[in-house]
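Undergrad: attaching a predicted model along with its sequence, questions to come.
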Amino acid sequence: MRVYLAGPMSGVEDHNFAAFDAAEAMFRSLGWDVVNPARIDREEGYDPDWPRERFMRRDLPALCPCDAIALLPGWRGSPGAQNELAVARMCGHIVLDAETAEPLAGESILAEADRLVNGQRQADYDHPQRDFTRTGRKWGATLDEWRWSGVPAVPPHLVALCMVDLKTVREAHKPKRDNRVDGCGYLAAEQLVLEREGRA
C-alpha cells in the first residue's frame, strides 16, 4: 500500500518539513510505501516562491497511483492540500489522519464504503459481479468436501482457506502487495485454528 502525504507548507516554519518527515517515518514503520512531497522538495532545492502550478504538475501524478492520502494538521487551510484531497477522493483513495494512520474523522462509514466500492477498489478487483463469480468458483472447490460432510457449519480452518481464495483470485486479477500480505495472514490464522484443535 502506498500513501501520499499532504498538508500545509507555505507560511509554516521550515516549510513544515519536520511534520512531513515524522509522518513518513510513522507510515514506513507500519509497512507503507510513502510519497513525501517534502522529501521531493528538498531533492529539487525547494523555493517557496515557485508558482503553485509547478508543485501541482509534479505532485498530482505522484498522488494518483497511491492507495491513500494522509492529511497533516492544518490541511484545511492549505489550498494545495485541499486540491490534493479532491483528486484523491476522485481516485477513490483512503483518507487518513497523518498523525495516527487512522481514517480521517468526518467521513461517514457509508461515504467511505461508497468511495471504496465505486472507486479504486473496483479498479483493483474488477466489477463485483466478476470478482465474486471468480471467488465463488474457488470457494466451491475449497468447500466441496465440507458440503457432503453433514456438518452444519463451515469449519473455521475452511473459513480461513476461503479468505485465502479471495486474496488469490484478486492477486491473479491484479497483483498487489496487500493481497499477498492478507493471504499469508489468513494462512497464519488457519495455523492458529488447527493448533487449538490439536490438528497442527
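TA: Nice, I can see it. Numbering: from 1, shown residues only.

Undergrad: tell me which other helices or strands the lengthiest helix in the chain touches.
TA: Counting by DSSP state H, the longest helix found in the chain is helix 177-196. Under the contact definition 3 or more CB pairs under 8 Å, 6 or more residues apart in numbering; DSSP states H and E, helix 177-196 sits against helix 156-173. For the C-beta atoms, the positions are set from N, CA and C on the backbone; glycine is no exception.

Undergrad: now what about the helix it packs on, what contacts it?
TA: Helix 156-173 is contacted from outside by 124-126, 131, 134-135, 138-139, 142-143, 146, 154, 176, 179-180, 182-183, 186-187, 189-190, 193-194, 197, 199, using CB atoms under 8 Å, 6 or more residues apart in numbering.

Undergrad: how about that helix: buried residues?
TA: Using 16 or more other CB atoms under 10 Å as the test for burial, helix 156-173 gives 157-171.

Undergrad: can you tell me which of those is nearest E43?
TA: E171 (33.3 Å; CB to CB).

Undergrad: please enumerate the strands of the chain.
TA: Per DSSP state E, the chain carries strands over the ranges 2-6, 33-35, 68-71, 94-97.

Undergrad: show me what the last one is packed against.
TA: Counting contacts by 3+ CB pairs under 8 Å, 6+ apart, the secondary-structure elements packed against strand 94-97 are strand 68-71, helix 79-90, helix 109-118.

Undergrad: how about the second one: buried residues?
TA: It refers to helix 79-90. Across helix 79-90, burial judged by 16+ other CB under 10 Å covers G80, A81, N83, E84, L85, V87, A88.

Undergrad: the fourth one touches L60, doesn't it?
TA: Yes - applying CB atoms under 8 Å, one finds E84 in contact with L60, separated by 7.2 Å.

Undergrad: contacting residues around stretch 81-99?
TA: Taking CB under 8 Å, 6+ apart as the rule, stretch 81-99 contacts 3-8, 19, 23, 26, 56, 59-60, 63-64, 66-73, 75-76, 102-105, 107, 112, 115-116, 118-123.

Undergrad: whichever of these end up buried, select them in ChimeraX.
TA: Buried residues within the contacts of stretch 81-99, by 16+ other CB under 10 Å, are selected in ChimeraX with:
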select :3,4,5,6,7,8,19,23,26,56,59,63,66,67,68,69,70,71,72,75,104,115,119,120,121
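
Undergrad: quick check: closest non-adjacent residue to A38.
TA: Leaving aside its sequence neighbours, A38 sits nearest to F20 (CB to CB, 6 or more residues apart in numbering; 3.6 Å).

Undergrad: okay, now the one you found: neighbour count?
TA: 24 (other CB atoms under 10 Å).

Undergrad: so for it, what's the pLDDT?
TA: Listed pLDDT for F20 reads 96.

Undergrad: so what's it up against?
TA: L5, G7, N36, P37, A38, R39, L72.

Undergrad: just the pLDDT for the third one.
TA: Among the per-residue scores, N36 shows a pLDDT of 96.

Undergrad: next: the last one.
TA: On pLDDT, L72 comes in at 95.

Undergrad: could you list the domains of this structure?
TA: 2-120, 126-196 (automatic domain parsing).
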